[in-house]
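**Q** Got a predicted model here, sequence first, then my questions.
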Amino acid sequence: MKSRFLDKLIDRLDRMDSDAVQTQFLHLAREKGLLETIFQAIQEGIVVVGSGASIRYANRMAESLFGFKLDDAEGQPIARYIRDIDWEKVLSLDGDEWEKLVRREIEVTYPDHCFVEFYVVPLSTVEEGKQGAVVIFRDVTRDRASAEESLESERMKALTLLAAGVAHEIGNPLNAVTIHLQLMERELEEVADPALRESLAELVDVSKREVHRLDRIITQFLRAIRPSLPDRKPVKMERILDETLELMKHEISNRRILVERKSVKNVPTVPADETQVKQAFFNIIKNALQAMESEGILKISIEVSSRFVSVCFEDNGPGISSEDLGSIYEPYRTTKEEGSGLGLMIVQRILRDHGGEIEISSTPEHGTTFTLHFPRDDVRMALLEAPNTKGEL
């Protein structure tokens, strides 16, 4: 049984002459072309599915999101290209159930990794009893990133408010403890019993070390959350790396770590705050030393791309699990007994303030690689000196 629409269309065509029929079809062709242009221009992906959940139409955005061409996908099951959804069940819903269907979000790994939100609109086809649907997809990857940045910003605000209280409530008492421990050291000279004097001196020394450790944690905490704009000047990454390694040479030697270095020639300068960059290098190297056993190998290389000067630190430590990678920049999250959980958070902030990027890759039992990408000074100057293409008045 044909639909009412087809009945009316055929009845109307039967009463029209050939010229009118031609005019009507030209009008329909123009309307189809207009609709096609609109569908191809919009930023949402649109897929029309018919019976058997087979693809009948898809616009360019849908092709781009899911990596197929309509010429190849037409007539194929939508599940072949968009998995993890029971499309047969979705398309079999009745009218009331359609209204209850809410938006869902899926993770897409091919052709590019992204997050896509979709919702389904029922579509009655011209075939009696057949039910189709229009599936509308929207790439929400940037929205998710913005939401995560917003959450990070709120977390940083909360930490900043906490900093003043931490500095006052913990820092000041620690100073008092340090002073009294120094006084106790002087009093120990008056203890006549050598064994007792040595025992008490050891206890005082342990207390001083613990106070120093707490003071260091507080200092790192305050550095991590206090906003500090970098004082940018053209600097050489090799020189800062040399100075950082010189500063840490005794710890590297004591741990019997072998440092292997490699660099390309003619590395351009980077507009950076030398002190902050040195702090970032120190934290990354310290992190690697703590992760490796004795006689480990730390490979440090400098590479240059069209946009960045990149410094890569590769260790052969135990690596980091995928679960821990997701929270590696969160404060106080550490898997090392010696770590405070603030070093990488500081590095991330320094790179972000410099307009750079930090990249991490890790394989359990094989090691971890941190790559710090700093924007090149010559690229920045080229952008600043670029001519006005619109012309000057």
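**A** Good, I have the coordinates.

**Q** SS state for residue 75?
**A** coil (DSSP: H, G, I helix; E, B strand; the rest coil).

**Q** Please work out how many residues are found near it.
**A** 10 (other Cβ atoms under 10 Å). C-beta coordinates here come from the backbone N, C-alpha and C atoms, glycine included.

**Q** which strand of this structure spans the most residues?
**A** Using DSSP state E, we find that the single longest strand of the chain is strand 114-124.

**Q** For residue 148, give its distance to residue 348.
**A** 13 Å (Cβ to Cβ, to the nearest Å).

**Q** Then residue 192 would be within a helix, right?
**A** No: counting by three-state DSSP, residue 192 is not found in a helix; it is coil.

**Q** how about the residue lying closest to residue 111 once chain neighbours are set aside, what does it touch?
**A** Spatial nearest neighbour of residue 111, excluding adjacent residues (Cβ to Cβ, 6 or more residues apart in numbering): residue 67 at 3.7 Å. Applying Cβ atoms under 8 Å, 6 or more residues apart in numbering, one finds that residue 67 lies in contact with 81, 110, 111.

**Q** shouldn't the first one be in contact with residue 65?
**A** Spelled out, it's residue 81. No: taking Cβ atoms under 8 Å as the definition, residue 81 is not a contact partner of residue 65, at 9.6 Å.

**Q** Comparing those two, which residue is more hemmed in?
**A** residue 65 (24 against 19).

**Q** Kindly confirm my reading that that one is in a strand.
**A** No: counting by three-state DSSP, residue 65 is not part of a strand but helix.

**Q** With adjacent residues omitted, what lies nearest to it?
**A** Per Cβ to Cβ, 6+ apart, closest to residue 65 is residue 45, 4.8 Å.

**Q** go on, residue 215?
**A** Residue 215 sits nearest to residue 174 (Cβ to Cβ, 6+ apart), 5.6 Å away.

**Q** Next one: the one you found relative to residue 209, how far apart?
**A** Distance from residue 174 to residue 209, by Cβ to Cβ: 13 Å.

**Q** Who has more neighbours out of those two?
**A** residue 174 (15 against 10).

**Q** The host helix or strand of residue 279: which residues count as buried?
**A** Using DSSP states H and E, residue 279 sits in helix 274-291. Neighbour counts over helix 274-291 (16 or more other Cβ atoms under 10 Å) mark 274, 276-291 as buried.

**Q** Quick one: name whatever helix or strand follows that helix.
**A** That would be, after helix 274-291 and using DSSP H and E, strand 297-304.

**Q** pLDDT of stretch 325-340, averaged?
**A** Stretch 325-340 shows an average pLDDT of 63 in the prediction.

**Q** centroid residue for this structure?
**A** residue 145 (7.4 Å; Cα atoms, centre = their mean).

**Q** can you give me the offset of the helix or strand where residue 198 lies from its chain's centre?
**A** Assessed by DSSP H and E, residue 198 sits inside helix 194-225. Distance of helix 194-225 from the chain centroid (Cα atoms, centre = their mean, to the nearest Å) equals 37 Å.

**Q** what's downstream of that helix, the next helix or strand?
**A** strand 233-235.

**Q** buried set for that next one?
**A** For strand 233-235, by 16+ other Cβ under 10 Å, it's residue 235.

**Q** go on, stretch 60-75?
**A** Result for stretch 60-75 [16+ other Cβ under 10 Å]: buried residues 61, 62, 63, 65, 66, 68, 73.

**Q** which two in those residues are spaced the farthest apart?
**A** With Cβ to Cβ as the measure, no two of the buried residues of stretch 60-75 lie farther apart than 61 and 73, at 13.9 Å.

**Q** ok, residue 314 - contacts?
**A** Per Cβ under 8 Å, 6+ apart, neighbours of residue 314: 298, 299, 300, 301, 367, 368, 369.

**Q** nearest to residue 310, of those residues?
**A** Nearest to residue 310 among the contacts of residue 314, with distances taken as Cβ to Cβ, is residue 301, at 8.5 Å.

**Q** and that closest one, bridged to which residues?
**A** When bridges are called by DSSP bridges, residue 301 pairs up with residue 262, residue 312.

**Q** gap between it and residue 241?
**A** 10 Å.

**Q** Then residue 296?
**A** From residue 296 to residue 241 the distance is 18 Å (Cβ to Cβ).

**Q** Strands along the stretch 251-393 of the chain, start to end?
**A** With DSSP state E, counting those that start in this stretch as the criterion, the stretch 251-393 of the chain has strands at 258-263, 270-272, 297-304, 308-315, 357-363, 367-375.
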